[in-house]
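Peer 1: The following comprises the amino acid sequence and a computationally predicted model.
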Amino acid sequence: MERIIYRELKSTPQIWGFLALLGVFIAAAGAVVLYIEHHGHIVTGMDNQIVWGLPHVFAIFLIVAASGALNVASIGSVFGKVAYKPMARLSALLAVALLVGGLAVLVLDLGRPDRLIVAMTNFNFISIFTWNILLYTGFVAIVAVYMFTQMARGVPTYAVKTAGLAAFLWRLILTTGTGSIFGWLVARQAYDAAIMAPLFIVLSFAIGMASFLLVTMGITHLTGRAFGAELRTRLARLLAIFIAALMFFTTMQHLTNLYAAEHWGVESFILRDGGIYTTLFWGVQVLVGGVLPMGILFHPTLGKEAGLVVLSSLLVIAGGFAQIYVLVIGGQAYPLEIFPGYEVSSSFADGVINSYTPSMLELILGLGGVALALAITIIGMKFLRILPNSLSDANVGSKV
Amino acid sequence: MSSVPDSPKEGIDVTAVLYAFLFYLATLLLVVGTGMKIRRYAKAPAPLKIPTMPAPRSQGGVYFRMFREVVLFESLFKSNKWIWLFGYLFHFGMLVVLLRHIRYFTFDVWWWVQIIQPFGVYASFAMTIGLAGLLVRRIVVNRIRYISSPSDYLMLILLMGITGSGMMMKFVNHTDIIMVKGFFLGLMRFQINELPMSPVLLVHLGSVVFLMIIFPISKLLHGPGIFFSPTRNQIDNSREKRHIVPWAKKLEE
Amino acid sequence: MNIPKSSPTGGCGGGCPTKEKGADLHRRDFLKSGAAMATVTLAPGVTLMSMGSGVAAAANPDTRWGLLIDAAKCPSDCSACVTACSDEHGWENNGEPTDPQWIRKVTLKNRDTGFENSLPVMCQHCANPPCVDVCPTGASFKREDGIVLVDRHTCIGCRYCMMACPFKARSFVHEPVTGQKVTTPRGNGTVEGCNMCVHKLDRGEGTTACVEACKITGNNAMIFGDLNDAESDISKALANYPSIELRADLKLNLGVRYQNI
Amino acid sequence: MKRLIIATIVLFGLAVGMSQAGSVYPEIPMASGEAHPEGNEYWRVNHMDLLRHDRDLTMREGIRDTDASIAECVTCHAVNGLDAKPVTVKSEDHFCRVCHDYAAVKIDCFQCHNSIPPELSGASLMFKKQANTLEVLMAYIEGLSR
């Protein structure tokens, strides 16, 4: 077993080309923000019924994935699995980058993004949103410290462990907070459930691990560094377990609702009558993002194919995205029940299934957040010693 | 009560005259002093080819290297990430803040200055964090403390004073910036106009004057000096082209 | 947590009535002295004139403004209250899903019996408003007299209050606004909703635009008044006839009550 | 050295040329009401603090009888355009914009507030009740004693 040596990425045309591509996406998103700020949200697909749209789906996805991307580092530092330790730096960097990307989308979709300083100086501590602002900034700080303890010379092991533990606990609280944004909404039938917090944590495990696998496989491929098959398979197996857990929690969420007559309306909407939302739920979230990748990754031979691991990770990401879409948009599409037992109608879409068509602007803004996250990750790897020279099985001792 | 007089006064306050004089003096010393230093740098011979390797092999490459050095602080980044972080925060913040101050020197504010103006507020925080980081480094890191001279501290404290007093005027104790702008537009037209007698403003402007005066004899000359570092501005072409200093050339002929 | 604002004289000593002040203080008393000191220090001798009546009109913690709406008296083809609100506050509904609606007429049809009636729905001015709980900057707040408002000076347009409101009482301003009414500032990128004509109340008019309009039609389906004053019309009506709150299961203790739904 | 002297002379010439140009101050339109007793300088420096302070009073406490009300600002400081009607903040001649443009400071107020005087006929703005001095003083003393 060689010593693990961390090296900056070399300046290759591939790296710079990829960064330039990401730059185009980021610039486009910037232009969109200026456009929306000038014209108002009227140019987006959002309205007074669907108040949170595609940008929020992207933002929540990135923020949840961010906390999950820290998985590998946690397993290494907190649970002491030696094989995972060489990937801890990348895991932490990716976590911070995804969070920053998600936050950027969230902030830039505000009605008054120019009032960021107001948001940072006026706090209502009863609001879970306020706590999330603090949890996000705290997460960046704690993970930064954690990375520093890993990368600086002469830092004692217990300090690394303590920082890793702090980051691990913090990310659990962070995702609890994100889930509670929905879990504590008493007004809407689709939310208002305690299971939201743990559901979000499990969701973060799955999409965070999938994101990490994709980024690691992508960057090792792009730079020609080794990524051992054994190690990859271990991570893929872990991903499969996370998907299983996610599907279990999703099942419980809907079973619980189905047991209570008052939730039949919203459940039948999501599970049976919701059109696009039903399609997304069964087709993308359950089948494409759950059953299919689980089948591949638990399979004794298929689960070892690099190409299929990439495919499965992509499917998990698609499924997770669909899950958040169904939750956020589908939850708003179902009408508020202000008058139970009555058929209602009004000029303000009472009693009506709300329609939502995301505009191109929202898509560009969301993709800009993804591009920003990836750009930060790559620039981080380019200039800091994040990625080991080799993640080959012999090197990291993954068989241990 | 605001110390700005309620009625326009006859004649001009002696403080305004003093500050006007100081600004003329400081500008003259800054321009002439720095110009003389730059002339000295430009004339100083570079007897040997000593670019830090790997060095660019063409003139264009040298421009690109210098650009990276000045805009990104590349070599500092390579040698010390922490100093780079704080140094960059400070310098970039100061750039934005300086650009923001252009509004005091043109009657009609240029459009791009109008765009930058609000960001200057955030930049002031970056400046403060950067300066604080650099000061803490001087005090905390043993090696650095040992080699730090009073002038090193002076520069940091002076810049912190300027930043701090500027932020004071933005966030705490407002100043009549219309009068301030009138004062500076006046100076540019050789008129001496009224200057608001706000203590924070006077401290701010006084520190700036002091900084301008000592700039040509301070370590801040690393600003223009960077362009004259032979390790950065030379082409790696000693095989292709023999390097002879002008005075040496004379001897050879 | 505001940006400090202690200009030499522009600030207001220790007695400045800020929103962070402790809940234990008796706000009304505190306010009186605070307002007096504030105005007096602001401009000695000059502004003392204007202060007395200002305090008298301030939000009073002893009152709780409320509305009682009798659905039986509200004809389905009448929308006088909606028009009056739109005129009073300057919002316009052109039928676009992005247009604001501070008050709307909702038609109800009992699924089992087929019985139909009609009633206006607006901000219910909860005693425990979810929108106030969720607002990250505290822009969504409840006044001392029970009116739930949006402080657009600190609203960042996150729309979480709209997610949290069980009554869809809030709208987001989707495009730049011009020609606002002086008493109802409205602007792009912020959230708004029924403010119970707070400017009229502060002026001492003791009524709202919708209630006045309803009176003029002769339907008299709406009563406005102080829920805390046993002698007010609204309290008497509530004491003598059955009434309900919308989404009573949420126990939000609404300022708007309905009869005959 | 010669070059330096020449440069100085050129600069000096330029400066003298510039000094012939108009005022270095913006031309501030006259207001229609009485002058602020605190003086214009005081208001130039403190208007935003005063507005902020009073906006919180109005918004949070319902005290509308404040000294610094933005509606009163735009009423007294209205500037008429060519059509003899007050101009909105979209016009460079608007009172607020004259200084704000000069100092390149964005005005946020008029995204929500109207920038021209409200109809003076309606009771919408001018509802100040004239309290007599004794009443006010009593209220003040009462306030202090609590």
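Peer 2: Nice, thanks for sending it over. As the structure is a computational prediction, the values presented were derived from the model and not from experiment.
Peer 1: Which helix or strand contains the closest residue to B:F105 other than its chain neighbours?
Peer 2: Nearest non-adjacent residue to B:F105, counting by Cβ to Cβ, 6 or more residues apart in numbering or on different chains: B:F184, 5.9 Å away. In this view, the C-beta of every residue, glycine as well, is placed from N, C-alpha and C. Per DSSP states H and E: B:F184 is located in helix B:177-187.
Peer 1: Helix B:177-187 and the next helix or strand after that helix, what's the angle between them?
Peer 2: Heading C-terminal from helix B:177-187, the first helix or strand you meet, by DSSP H and E, is helix B:199-214. For helix B:199-214 against helix B:177-187, the angle by axes from the mean of the first three to the mean of the last three Cα atoms, to 10 degrees is 30 degrees.
Peer 1: which strands and helices sit next to helix B:199-214?
Peer 2: Using 3 or more Cβ pairs under 8 Å, 6 or more residues apart in numbering or on different chains; DSSP states H and E as the contact criterion, the elements in contact with helix B:199-214 are helix B:14-43, helix B:150-171.
Peer 1: Around A:A69, how many other residues sit close by?
Peer 2: A:A69 has 32 neighbouring residues, counting by other Cβ atoms under 10 Å in any protein chain shown.
Peer 1: Give me the local confidence score for it.
Peer 2: Listed pLDDT for A:A69 reads 97.
Peer 1: Can you verify my assumption that it contacts A:A88?
Peer 2: No. Counting by Cβ atoms under 8 Å, A:A69 stays clear of A:A88, with 11.3 Å between them.
Peer 1: For A:G295, give its distance to A:V51.
Peer 2: Counting by Cβ to Cβ, to the nearest Å, the gap from A:G295 to A:V51 is 38 Å.
Peer 1: Looking at those two, which is more packed in?
Peer 2: A:V51 (21 against 13).
Peer 1: OK, contacts around that one?
Peer 2: Taking Cβ atoms under 8 Å, 6 or more residues apart in numbering or on different chains, we find A:V51 in contact with A:Q332, C:R159, C:M162, C:M163, C:F172.
Peer 1: How about the secondary structure of it?
Peer 2: Here A:V51 is recorded as coil under DSSP: H, G, I helix; E, B strand; the rest coil.
Peer 1: so which of the helices and strands packed on helix B:199-214 comes closest to chain A?
Peer 2: Among the helices and strands packed on helix B:199-214, helix B:150-171 comes nearest to chain A, with 10.5 Å by Cβ to the nearest Cβ.
Peer 1: can you tell me if that closest one touches chain D.
Peer 2: No. On the criterion Cβ under 8 Å from any Cβ of the partner chain, helix B:150-171 is out of touch with chain D, staying 10.0 Å away.
Peer 1: and that helix with chain A, contact?
Peer 2: No. Helix B:150-171 does not reach chain A (Cβ under 8 Å from any Cβ); its nearest approach is 10.5 Å.
Peer 1: Which two among the contacts of A:V51 are spaced furthest apart?
Peer 2: A:Q332 and C:F172 (12.8 Å; Cβ to Cβ).
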